[in-house]
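In: coords please:
(one chain, ligands or ions: 1)
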Amino acid sequence: MFKMSSLFPAANSPQRHSAQAATKRSKVSLQPGHSLMDWIRLTKSGVDLRGTGPRLLEVTLEELNKHNKPEDSWIALKGYVYNVTRYCNYHPGGQAELMKGAGKDATNIFNKVHRWVNFESMLQACLVGRLVENTSFSSKKQLSLPPHSNTLSLNLASDLATSSTQLLVNVSDSNTEVSDKVIMTWNQSNTDVHVTWSMNGTSLSKYDLVCNIHDAGRLFQGEIYLENEVLMIGLELKEQVKKEISVTHNSLNNSIMVTLEKFAADKKWSILGSAMQSHCQSIPRSLHNHRYYLSHLISKTAITHDTCLYHFKLPDSCYMCVPVGYHVYLQADIGEICISRPYTIVVPDLCNVNSELLLDGRNLFMMIKAYNDGAFTSNVKNLREGDTLSISTYEGTFSISMLSLYQNVLMLCGGTGFTPMIRILHYCLHKSKKTVQLAFYNKTVEDILWMDKLSTLCMQFSGRFSIRHVLSQPGKEWNGEKGRIALAHLQDMLNACQDNVLVLVCGPMPFTEQALRYLSELGVNSNSIFTFT
Ligand code: HEM
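Out: Residues are numbered from 1 along each chain as shown. I've put the predicted structure just below:
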């Protein structure tokens, strides 16, 4: 029987995280010759970027603090120290931003701005060593830590385990308490094993469990996403199962059932298996590391001249239903450096009432814009049907239940900032009776995502849905509104809502910041504003 030994410290509100990020992030123009590809070339060139020779060091805080100038800057992230002196000019957020972390442990500030950036891989060639407690004798000591990213991430993972709570599971019981909140039960038929998860006093939805089978059908790995924590569950199964996993949500008792197909039908299992201690733990959501699944590209459909709708399929051994407004990370090796980028999951058709059903825990759709100078997006653009790409477990802070408080929704989107709105718009129009106004800001008419589908929706839901297209670089043929986001636009739209409005904002940082300034000037309560960053 299992019990969690203590309650978690309340994790920081992820919503607050995104609000902080919203006010701080801005990209700078890098000097020619300082793109991501140029950085990758430099890291592979054999130039000593550590500045400390080939041996890794133990670095005290006192020593770290000395390296706080642009010409000599070290930065500590998740317990490791990197020499970022040469990286400064390649940093997309600019030197000044990076210098905020120079000579310090910058883990928190880094996570607030771009938690997804894979610094371990990008700065592997700059690794100076490990951050240690100050000692009275040597401030620098040699460390036998192999300079290899795999080993490093293992070390990081084990560090993480120390800050999490171990869960103990006795899976021979048919009814097992996985934490003070979650209960697991299991039973079997001749052909299948059913494992059911439920919660004391509250419900689990189809979005709350992400799981997979691996190691030739011998291991079950699951994650249950609760409000502030993630319960990680690793079970070494008593017998082998087939690789395909199926998950059903029981809306009567709000439980989730995983069905595993027995490899040897008719064989009776005496117990489900045993818990893998290192994989059974509860982790604050903010510290939870993503898992990646190698997924296949099923199809790619052009939406505009530079943006496509991608349909990916997770392996049959995985299940992940991504909540509305949430994103996943795509990960690719660019010149042997591992790069991740966040993309929101969308429905493949805004006009079809049943589109959400296609997001069945295995199929994922994303809209991705390819940038001319983007090393990552040109890699994605070149993918062909059948090719694979790693997709992470999900992340996000939006809650669909927020909508229940409002009759009106105002969406302010700049360019691809439209993508997080897609499922919310689909929900508001097809599954509820909300009134939605969409203000969509683009450069040219060719940049407008799903312009035809939006027009169809306007007709289908006239009286409940309206769009305002605004272009900053319109051609001569454009008769609509021109310019950028403006106070008068927002005032007009807010006037139509009689105060009961939720405002959703997504776009490039300057757009979001401007929108927030105007909304504040117009007296919109910050609790009624949600920004996607
Ligand atoms: C104090 C520490 C840091 C601060 C305050 C900071 C700040 C920023 C800011 C403001 C941006 C622009 C975000 C945007 O508009 O997309 C950015 C982008 C970026 N930074 Fe940092 N940064 C820090 C450390 C680092 C480090 C150590 C790395 C090492 C790999 C890094 C890699 C990146 C990358 C790859 C991007 C582009 C992200 C993207 O396009 O998704 N940053 N950073």
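In: distance-wise, check Ser29 relative to the ligand.
Out: Applying CB to the nearest ligand atom, to the nearest Å, the value for Ser29 to the ligand is 12 Å. In this view, the C-beta of every residue, glycine as well, is placed from N, C-alpha and C.
In: sorry, slip of the keys, the one I care about is Gly414.
Out: Distance from Gly414 to the ligand, by CB to the nearest ligand atom: 13 Å.
In: state the pLDDT value of the closest residue to that residue other than its chain neighbours.
Out: Among residues not flanking Gly414 along the chain, Gly507 sits closest, at 2.5 Å (CB to CB, 6 or more residues apart in numbering). Note on Gly507: pLDDT of 95.
In: for Gly507, give me its contacts.
Out: Each residue near Gly507 by CB atoms under 8 Å, 6 or more residues apart in numbering is listed here: Leu412, Cys413, Gly414, Gly415, Gly417, Tyr441, Ala515.
In: from the residues you listed, which land in helices?
Out: Members of the contacts of Gly507 lying in helices (criterion: DSSP state H): Ala515.
In: scan the contacts of Gly507 and report the most crowded one.
Out: Leu412 (30 neighbours; other CB atoms under 10 Å).
In: how close does that residue get to the ligand?
Out: Distance from Leu412 to the ligand, by CB to the nearest ligand atom: 18 Å.
In: quick check: bridge partners of that residue?
Out: Beta-bridge partners recorded for Leu412 (DSSP bridges): Ala439, Val505.
In: which residues does the residue nearest to the spatial centre of the chain bridge with?
Out: Nearest to the mean C-alpha position of the chain, counting by CA atoms, centre = their mean, stands Glu395 at 3.7 Å. Beta-bridge partners recorded for Glu395 (DSSP bridges): His327.
In: quick one: contacts for it?
Out: Glu395 neighbours (CB under 8 Å, 6+ apart): His290, Tyr326, His327, Val328, Tyr329, Pro342.
In: out of those, who's nearest the ligand?
Out: Among the contacts of Glu395, Pro342 lies closest to the ligand (CB to the nearest ligand atom), at 7.4 Å.
In: burial check on the residue in the stretch 351-500 of the chain positioned nearest to the ligand, number of neighbours?
Out: Ranked by CB to the nearest ligand atom, the top residue of the stretch 351-500 of the chain for proximity to the ligand is Phe376, at 8.3 Å. Phe376 has 18 neighbouring residues, counting by other CB under 10 Å.
In: tell me the contacts of it?
Out: Here Phe376 is in contact with Leu36, Leu330, Ala332, Ile334, Ile339, Arg341 (CB under 8 Å, 6+ apart).
In: likewise Leu502?
Out: Listed by CB under 8 Å, 6+ apart, the contact set of Leu502 reads Met402, Leu403, Leu405, Tyr406, Asn408, Val409, Leu410, Ser528, Ile529, Phe530.
In: which SS class is the residue lying closest to the first one once chain neighbours are set aside?
Out: So the one you mean is Met402. The shortest distance from Met402 to any non-neighbouring residue, by CB to CB, 6+ apart, is to Leu502 (6.4 Å). Assigned by DSSP: H, G, I helix; E, B strand; the rest coil, the conformation of Leu502 is strand.
In: please report the distance of Leu502 from Ala332.
Out: 35 Å (CB to CB, to the nearest Å).
In: same deal with Val470?
Out: The spacing between Val470 and Ala332, counted by CB to CB, is 34 Å.
In: same deal with His91?
Out: On the measure of CB to CB, His91 and Ala332 end up 20 Å apart.
In: out of the helices and strands in the protein, which is least certain?
Out: helix 149-162 (a mean of 25; mean pLDDT, DSSP states H and E).
In: indicate the residue of the stretch 101-250 of the chain located nearest to the ligand.
Out: Counting by CB to the nearest ligand atom, the stretch 101-250 of the chain gets nearest to the ligand through Gly101 (2.7 Å).
In: state the distance from that residue to Phe119.
Out: 11 Å.
In: out of these two, which sits in the busier spot?
Out: Taking Gly101 and Phe119 together and counting by other CB under 10 Å, Gly101 has the greater number of neighbours (22 against 19).
In: so where does the closest residue to the more buried one other than its chain neighbours fall, helix or strand?
Out: Nearest non-adjacent residue to Gly101, counting by CB to CB, 6+ apart: Ile75, 4.7 Å away. Element membership of Ile75, judged by DSSP states H and E, is strand 72-77.
In: which helices and strands sit right next to that strand?
Out: Counting contacts by 3 or more CB pairs under 8 Å, 6 or more residues apart in numbering; DSSP states H and E, strand 72-77 is packed against strand 80-83, helix 95-99, helix 107-114.
In: shared neighbours, Gly101 and Phe119?
Out: With CB under 8 Å, 6+ apart, Gly101 and Phe119 have common neighbours Phe110.
In: rewinding a little: quick one: average confidence on the helix or strand the residue of the stretch 351-500 of the chain closest to the ligand falls within?
Out: Assessed by DSSP H and E, Phe376 sits inside helix 375-381. Averaged over helix 375-381, pLDDT sits at 87.
In: change the start of the numbering to 12 and stick with it
Out: Done: numbering now begins at 12, and the last item shifts to helix 386-392.
In: which is the next helix or strand following that helix?
Out: The element immediately downstream of helix 386-392 (helix or strand, assigned by DSSP H and E) is strand 399-403.
In: buried sites along that next one?
Out: Leu400, Ser401, Ile402, Ser403 (16 or more other CB atoms under 10 Å).
In: kindly report the same for stretch 359-378.
Out: Buried, per 16+ other CB under 10 Å, within stretch 359-378: 359-362, 366-367, 370, 372-378.
In: do stretch 242-258 as well
Out: In stretch 242-258, counting by 16+ other CB under 10 Å, buried: 242-246, 248-254, 256, 258.
In: put together a markdown table for the residues you listed, with secondary structure, pLDDT and distance to the ligand on each row.
Out: Listed next are the buried residues of stretch 242-258 as a markdown table, based on DSSP: H, G, I helix; E, B strand; the rest coil; pLDDT from 0 to 100; distance: CB to the nearest ligand atom, whole Å:
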| residue | secondary structure | pLDDT | distance to the ligand |
| --- | --- | --- | --- |
| Leu242 | strand | 89 | 29 |
| Met243 | strand | 87 | 26 |
| Ile244 | strand | 88 | 31 |
| Gly245 | strand | 88 | 30 |
| Leu246 | strand | 90 | 35 |
| Leu248 | strand | 93 | 38 |
| Lys249 | coil | 91 | 44 |
| Glu250 | coil | 94 | 44 |
| Gln251 | coil | 96 | 41 |
| Val252 | strand | 97 | 38 |
| Lys253 | strand | 96 | 39 |
| Lys254 | strand | 90 | 34 |
| Ile256 | strand | 94 | 32 |
| Val258 | strand | 94 | 31 |
